[in-house]
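> okay, here's the prediction I keep looking at, along with the sequence it came from:
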Amino acid sequence: MATFEEEFKRQEPVFRRLSNYALLGKKTVVKGEENFIEGGPNIIVGNHIGSFKDVATIYQIVPRPFFFTGNEMFFNKEEFNFLIRKHLRRQLKNFGVSIDLILTPLKTLFVNYASNVIGKIGTIPVDIYQKKRLAIRKCQDYLRNGRAIIALQGRGRVMKKDPHPYVPSFRRGPSIISYNLYKEDGISVPVTPIAMFGTHVPFLVPAKIRVNVGEPMYITDYLGGDFTETVNRFREALEKRVKTLLAEFF
């Protein structure tokens, strides 16, 4: 049976093509790509404002095999199809209904392929409405084995009413994982912050996608007090760093 890494490599040409389709009309510019960690455990965190376009961008810029944490609805064809339809209608309003119908044959092929392959390449399912302890434990196991995981923060869209619409409040997951691995295994996992802008522009609309990659951050620089204090301090630092990276675009 193929490992996740072997399956990832086998499917990579398809991922590249799909990511190109997802980013039609858009050009990606990356700053700080030398800050990516090319081997060993690594968590990549960033803002999530462009739904599938964020995922496509990640596939184009990260220079190593990696594993996403993803909504468990992606693993079910009907639920995945519903998410895509909902995204198109939210972004393109009434025009999104027409696009959804026009793209139905292509979308069906994509959904069938993705929902079948997503588990084979090691994607970690997350129930976004319930406790995420199982996903956290699985992420820790992946990192112990020297893997990289992607933990994007947000709902996949710009939250216009939020005080920081392009960088929502970060969840504690990456910080908890970092803390647990340090305390339990003595592993100080590098956490790479990235900021993305332009992925929120609707599908097929021309735009420039800009990505700013920051230097790795470590839980060991934020230790102090009990578990809750350290985790919250690191969570806030990661969120602040991504906001700073984003501000450099303007």
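Looks like it came in fine. Numbering: from 1, shown residues only.
> for the rest of this, base every contact and every neighbour count on C-alpha atoms.
Will do.
> for the chain, where's the lowest mean pLDDT among helices and strands?
Least confident element among the helices and strands of the chain, by mean pLDDT, DSSP states H and E: helix 104-117 (a mean of 63).
> pLDDT below threshold where in the protein?
Applying pLDDT under 70 to the chain flags the ranges 1, 70-122, 125-131.
> any idea which residue sits dead centre in it?
residue 152 (3.6 Å; CA atoms, centre = their mean).
> what sits up against the host helix or strand of that residue?
Applying DSSP states H and E as the criterion places residue 152 in strand 148-153. By CA atoms under 8 Å, 6 or more residues apart in numbering, the residues outside strand 148-153 that reach it are 40-48, 65-69, 139, 142-143, 167-171, 174.
> show me what the helix or strand just after it is packed up against.
Of the helices and strands lying after strand 148-153 in sequence (DSSP H and E), the nearest is helix 173-185. For helix 173-185, the elements it packs on are helix 133-144, helix 227-247, judged by 3 or more CA pairs under 8 Å, 6 or more residues apart in numbering; DSSP states H and E.
> for those helices, give me CSV that also has mean neighbour count and distance to residue 198.
As requested, those are exported to CSV (neighbours: other CA atoms under 10 Å; distance: least, CA to CA, whole Å):
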stretch, mean neighbour count, distance to residue 198
helix 133-144, 17, 28
helix 227-247, 19, 11
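> so how far is residue 231 from the residue of the chain positioned farthest from its centre?
What lies farthest from the middle of the chain is residue 225; by CA atoms, centre = their mean that is 29.9 Å. Distance from residue 225 to residue 231, counting by CA to CA, to the nearest Å: 10 Å.
> ok so, going back, any idea whether the residue farthest from the centre of the chain is helix, strand or coil?
Following DSSP: H, G, I helix; E, B strand; the rest coil, residue 225 is assigned to coil.
> quickly note the distance from it to residue 190.
21 Å.
> do the same with residue 19
Counting by CA to CA, the gap from residue 19 to residue 190 is 26 Å.
> next one: residue 216
5 Å.
> more neighbours: which of those two?
residue 190 (21 against 18; other CA atoms under 10 Å).
> and that one, what is it in contact with?
41, 42, 43, 216, 217, 218 are the contacts of residue 190 under CA under 8 Å, 6+ apart.
> got phi/psi on the second one?
With angles defined as degrees, to the nearest 10, residue 42 sits at phi -160, psi 140.
> same question, the third one
Comment: the main-chain dihedrals of residue 43 come out as phi -110, psi 130, following degrees, to the nearest 10.
> contact partners for it?
Contacts for residue 43 (CA under 8 Å, 6+ apart) come out as 148, 149, 150, 151, 174, 189, 190, 191, 192.
> what about residue 69, which helix or strand?
strand 67-71.
> just residue 210 next, same as before
Assessed by DSSP H and E, residue 210 sits inside strand 207-213.
> name the helices or strands packed onto that strand?
strand 26-31, strand 191-197, helix 227-247.
> what angle separates it from strand 26-31?
The directions of strand 207-213 and strand 26-31 differ by 20 degrees, with axes from the mean of the first three to the mean of the last three CA atoms, to 10 degrees as the criterion.
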